[in-house]
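> Kindly generate the corresponding structure for this input.
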Amino acid sequence: MKALTSLVVISSLFALSSFNVTADTAAIQAAVDNQVRSATNKARDQYRHPVETLSFFGVTPQSTVVEISPGGGWYTEILAPLLQQQGKYYAAHQPKDAKSEYAQKSRADYLAKLAANPVYSKVEVTEFSAAGGKQIAPAGSADVVLTFRNLHNWYMAKGDESLLTAFKSFHTALKPGGVLGVVEHRLPESKLNTDWQKSGYMPQSLVIKLAEQAGFVLDGSSEVNANPKDTADHPGGVWALPPTYTNKEQDKAKYQAIGESDRMTLKFRKPATK
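Numbering: from 1, shown residues only. I've put the predicted structure just below:
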């Protein structure tokens, strides 16, 4: 009887765990399907796989999430409604004192987007700089820190130093056991001996090495955002591909056929204990 009771308890716990995973995924899907999202952004779901990506990183409606450099708010349109009721969403955007006109305009446009719809009323905008000195969220408060296709920008500034500084700030913001989710354009390891630094692509091995140096452990990888059609050797770099088409009409049909870039999807974890 005792063994049977234990089996029932274990079975119940397994069922509860399975239900939570299903419920969280359903909540993410509902956020992806919400009406606030623009048609242009929805059209990119086939390349960015938001449901699978956020599920892989362990995001739930109850999570405290920091998104680094949210840009125009592609993921904000999903994360804000997902986290509005039970979670917390920090959007670590360009610093208020950013020197460039581009950074200032990007931040202003983002704030205007938030002000235009009550679904964004609980988004807390903070600041991020790859040079450091900014608090993206209170120390030890975040369950998940997310960065989508940003690493190459920081790397082009000061190389390894920029990425290490960024990773350390993410580590500080996370709770022990918290997750850093990284999606980035992936350079084939066979191209490490090429002049790739300004191509927009990053070697996965380098990203892992620098994240580990900052105190993270690699907790998993996914090929959900992989694209084997992308050779990562285009004139104009990754921006030759959609949606940017930096080469304009030159070979546009070829780049349309390739689609968006091949991307690494890496899950790192801040160790639960030192």
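> Okay, residue 107 and residue 138: tell me how far apart.
The gap separating residue 107 from residue 138 is 21 Å, by CB to CB, to the nearest Å. C-beta here means a position set from N, CA and C on the backbone, and glycine is covered the same way.
> Mind checking which of those two has more residues around it?
residue 107 (17 against 12; other CB atoms under 10 Å).
> wait, residue 238 sits on residue 261?
Yes. Taking contacts as CB atoms under 8 Å, residue 238 lies within contact range of residue 261: 5.1 Å.
> Quick check: neighbours shared by those two?
Residues touching both residue 238 and residue 261 (CB atoms under 8 Å, 6 or more residues apart in numbering) are 185, 200, 201, 232.
> Do me a favour and get the backbone dihedrals for the first one.
Main-chain torsions, residue 185, degrees, to the nearest 10: phi -60, psi 130.
> Spit out the contact partners of it.
Per CB under 8 Å, 6+ apart, neighbours of residue 185: 149, 152, 200, 201, 202, 232, 238, 261, 262, 263.
> follow-up on the earlier one: so which of the shared contacts of residue 238 and residue 261 are in strands?
Mapping these onto strands (DSSP state E) picks out residue 185.
> Out of the shared contacts of residue 238 and residue 261, which comes closest to residue 95?
residue 200 (22.7 Å; CB to CB).
> Leaving out sequence neighbours, find the closest residue to the closest one.
The shortest distance from residue 200 to any non-neighbouring residue, by CB to CB, 6 or more residues apart in numbering, is to residue 238 (3.3 Å).
> now swap in residue 188 and tell me
In space, residue 188 is closest to residue 232, 5.8 Å off (CB to CB, 6+ apart).
> Quick check: the gap between that neighbour and residue 125.
Taking CB to CB, one finds residue 232 at 33 Å from residue 125.
> of those two, who's got more company?
residue 232 (21 against 17).
> burial measure for residue 60, as a count.
Neighbours of residue 60 using other CB under 10 Å come to 21.
> wait, what's in contact with it?
So residue 60 contacts 24, 27, 87 (CB under 8 Å, 6+ apart).
> ok, 7 Å please
Contacts for residue 60 (CB atoms under 7 Å, 6 or more residues apart in numbering) come out as residue 24.
> you'd agree it is in a strand?
No. Counting by DSSP: H, G, I helix; E, B strand; the rest coil, residue 60 falls outside a strand, being coil.
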